[in-house]
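S.K.: Here you go, sequence then predicted model.
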Amino acid sequence: MNSFKTCSSGALEYGKNKYYNPIVMSRIVEIGPYHYIDPSQWGENYSERRHLDRMESEMFRVSEFDFSFEIHIKSPVRRFSNPPVLRIFDGGCGEGSALIDFRKIAERLSVKLETTGITRNPRHKDILASCGVDEIVIGSVENFFETDDRKNYYHFILDYQGALSYDEPRGIQGACVVPIYSRILESGGSALLVSPPVFPGWLKRNNLKIIQGTEEKGPVLVEKV
């Protein structure tokens, strides 16, 4: 059974000192499986490496993939005629660094933002709540959306070496996660996938059209059709 909790982000000293901290109540779902990693094993500058500007730099340096999150986020805002709420899902959010950056982008665009972040590490829970993440899932994408029936919900999905990287049943990269992402993504919405190469043709079979990059190499930007 899912465990639902709320946490006042304003009450956490850690968030006040280090993180962007709007006053929100986070919905927390603890569903498992869990992956406990001691903070000492996260690596140097773990949070900084998950910020959007670092992702942009790394994608260009490693794969010559030229991408701007802020420019791209303007697209769904225009496409969906300034939606009352822009919904973003991070399929491997860690400590929430990228979701903090998305909120700042939304503020600059004068758009209300709703964020969902998923991580397997319970140690991230309070940190994410202090970041102002609206919905925090501790567990796997597969487990969560087995019981959550949302469809055509999110305008943008980010999977930067997240759930998709660990999804390889029967030798098919993305066998479980890609169909879920297709289901929860709004028609016309987009997803940036940075993972090992997705099984050839699997994106197209799941109504995801490649806009930039290739599934054989990655990163790849897709749009739901």
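M.R.: Everything's here; your move. Numbers count the residues shown, from 1 in each chain.
S.K.: Who are the packing partners of the longest strand along the chain?
M.R.: With secondary structure taken from DSSP state E, the chain has its longest strand at strand 185-194. Packing contacts for strand 185-194, counted by 3 or more C-beta pairs under 8 Å, 6 or more residues apart in numbering; DSSP states H and E, involve helix 69-79, strand 154-160, strand 208-213, strand 220-224. Where you see a C-beta, it was placed from the backbone N, CA and C, and this is true even at glycine.
S.K.: what do you get if the cut-off is 10 Å, keeping everything else the same?
M.R.: Counting contacts by 3 or more C-beta pairs under 10 Å, 6 or more residues apart in numbering; DSSP states H and E, the secondary-structure elements packed against strand 185-194 are helix 52-63, helix 69-79, strand 86-90, strand 154-160, helix 177-184, strand 208-213, strand 220-224.
S.K.: Would you mind telling me which of the ones you listed is nearest Gly139?
M.R.: helix 177-184 (13.2 Å; C-beta to C-beta).
S.K.: send the alpha carbons of that closest one over as PDB?
M.R.: Only the C-alpha atoms of helix 177-184 are listed here, as PDB (Å, rounded to 0.1, in the frame of the first residue of the first chain):
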ATOM      1  CA  VAL A 177       9.500   2.800 -18.500                       C
ATOM      2  CA  VAL A 178       9.000   4.100 -22.100                       C
ATOM      3  CA  PRO A 179       5.400   2.900 -22.300                       C
ATOM      4  CA  ILE A 180       4.700   4.500 -18.900                       C
ATOM      5  CA  TYR A 181       6.300   7.800 -20.100                       C
ATOM      6  CA  SER A 182       4.200   7.700 -23.200                       C
ATOM      7  CA  ARG A 183       1.000   7.100 -21.100                       C
ATOM      8  CA  ILE A 184       1.600  10.000 -18.700                       C
END
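S.K.: Give me the mean pLDDT for that helix.
M.R.: When pLDDT is averaged along helix 177-184, the result is 96.
S.K.: Understood, closing this out.
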